[in-house]
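# got a structure for you, letters missing:
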DNA sequence: GTAGGGTTAG
């Protein structure tokens, strides 16, 4: 038996407490550093920090592993995140509610409903009670997969189980309804909630504004935008970007730029998203100098450009007729490991067509098809440029050999056929456009074509004068 | 853990 004095006993006690305090503090510090590395996608460094910690006697806890799981899910994918659970078990740490919620979020991000449901099952098997966030995430996952009915069932389950929905629950519900085409229902739900005293967040307004933007409902958006200000809710960069996009999308460049100036004068740092929105609009409306100024700003700030930003800049070079610069920039994007997406290919094809390089454009179009991309817009660019360059019969061949068409496809053909006074064919195409449910567009030549062909009663459409020397 | 950017016709 070792005899220790009273003094020694106190000393040992104090040192144990100190060690524990130190350990607690250090694990917390370790977690902060791992979290910050994971947030900046530096997983290898996060792992190195973990190893260093263990070497120094600082053991990771459940929080450390949960942070790692979130990081792996975000950077690599769900499987990599799930793998961390095995490491937790080896370290003798049990996964908790946050572990499974993070994994469900990871599964949702990559659109895997099966994994999301598996995580819920595993959670229940372990006797962990899901919270509002588990249900929020599951609801989000169902909506993301287009399964609105089941998503709504999860919302009902939240209420049935007497779990209090949080702000995000309603946001996810409203967003899910909007993204699945139930914008009217989402709007009604929003107004009903407001009548019941629900105070919407800026996120809620952003979701609704974005939904109306897709419908090109400019007035509706502006009403919401005014409402935000009346309620004293502070708009953020997303609100401004969405409002601007809607203005630009409906060709209200003046109003869009006004919002941009309001954002600037309000001291909002305009980020990469808003920069791309503005540059794209300036390029499209031919405001060359303003576009250049904005691009110079983008470069000066030193944003970490992603593929969408490169697409914006590549498109700018093409519109300026600088093909070589466009290709160089594409090379830069690829060398940075960024994958070209549907926009990149479409922009390339459009750029090639506008430069009159139809052979290469056509080859790239078939290459795009073999890669499994949806080529509707790219094909429309090809058809439209062929028409404008006078190769309208070849454009018709391309049109007839493909079943991909929308109102843009018809619009290009009808307008250009009408310009060549080939009204009969133009009218036929226009009617088949309307019959196929592609929608209708307002164009001088389309109306001419219809009126001239006598296919529909005069006055049904926007009527314009018909050339006096016209004959069918 | 919920919201925003980039491509075609008129």
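Received it, and whenever you're ready, just let me know what you need. Because the structure is predicted, anything quoted here is derived from the model rather than measured.

# alpha carbons only for contacts and neighbour counts from here, please
Fine.

# tell me which parts of the stretch 101-250 of chain A are close to DNA strand B?
A:101-102, A:105, A:133-134, A:137, A:140, A:167-172, A:175, A:202-204, A:206-207, A:210, A:236-239, A:241-242, A:245 (C-alpha under 7 Å from any atom of the strand).

# got the contact list for the closest residue to DNA strand B within the stretch 51-200 of chain A?
Nearest to DNA strand B in the stretch 51-200 of chain A, going by C-alpha to the nearest atom of the strand, is residue A:168, at a distance of 3.5 Å. Counting by C-alpha atoms under 8 Å, 6 or more residues apart in numbering, residue A:168 touches residue A:136.

# pLDDT score assigned to it?
We have a pLDDT of 96 for residue A:168.

# and it, which of the three is it?
Here residue A:168 is helix, with the state taken from DSSP: H, G, I helix; E, B strand; the rest coil.

# how much space is there between it and residue A:237?
Separation of residue A:168 from residue A:237 (C-alpha to C-alpha, to the nearest Å): 19 Å.

# tally of neighbours for residue A:251?
14 (other C-alpha atoms under 10 Å).

# Retrieve the pLDDT associated with it.
For residue A:251, pLDDT reads 88.

# Using the three-state scheme, assign the closest residue to residue A:145 other than its chain neighbours.
Excluding the flanking residues, the one nearest residue A:145 by C-alpha to C-alpha, 6 or more residues apart in numbering is residue A:111, at 6.9 Å. Following three-state DSSP, the label given to residue A:111 is coil.

# Can you report how many residues neighbour residue A:111?
As a burial measure, residue A:111 scores 17 neighbours (other C-alpha under 10 Å).

# likewise residue A:254?
11.

# Check it and give its pLDDT.
At residue A:254, pLDDT is 89.

# what about it, distance to DNA strand B?
16 Å (C-alpha to the nearest atom of the strand, to the nearest Å).

# Name the next helix or strand downstream of the helix or strand where that residue lies, please.
Residue A:254 belongs to helix A:253-265 when assigned by DSSP states H and E. If you walk from helix A:253-265 toward the C-terminus, the next helix or strand you reach (DSSP H and E) is helix A:272-284.

# quick check: domain ranges of chain A?
Annotated domains of chain A cover A:24-130, A:341-404, A:417-472 [automatic domain parsing].

# ok now do the residue nearest to residue A:145, which residues does it touch?
A:141, A:144, A:145.

# now that we have those, which one has the most neighbours?
Ranking the contacts of residue A:111 using other C-alpha under 10 Å puts residue A:141 first, with 29 neighbours.

# Mind telling me what element that residue is part of?
helix A:132-144.

# Contacts for that helix, please.
Helix A:132-144 has contacts (C-alpha under 8 Å, 6+ apart) with A:101, A:104-105, A:108, A:111-113, A:116-117, A:120, A:148, A:150-152, A:154-155, A:158, A:163-166, A:168-169, A:172-173, A:176-177, A:179-180.

# give me the low-pLDDT residue ranges for the stretch 151-300 of chain A?
Of all residues in the stretch 151-300 of chain A, none has pLDDT under 70.

# Now residue A:123: closest residue in space that isn't a chain neighbour?
residue A:100 (6.5 Å).

# ok, the one you found - how many residues close by?
25.

# now residue A:265
Neighbours of residue A:265 under the rule other C-alpha under 10 Å: 10.

# Quickly note the distance from it to DNA strand B.
16 Å.

# Right, I'll call it a day here.
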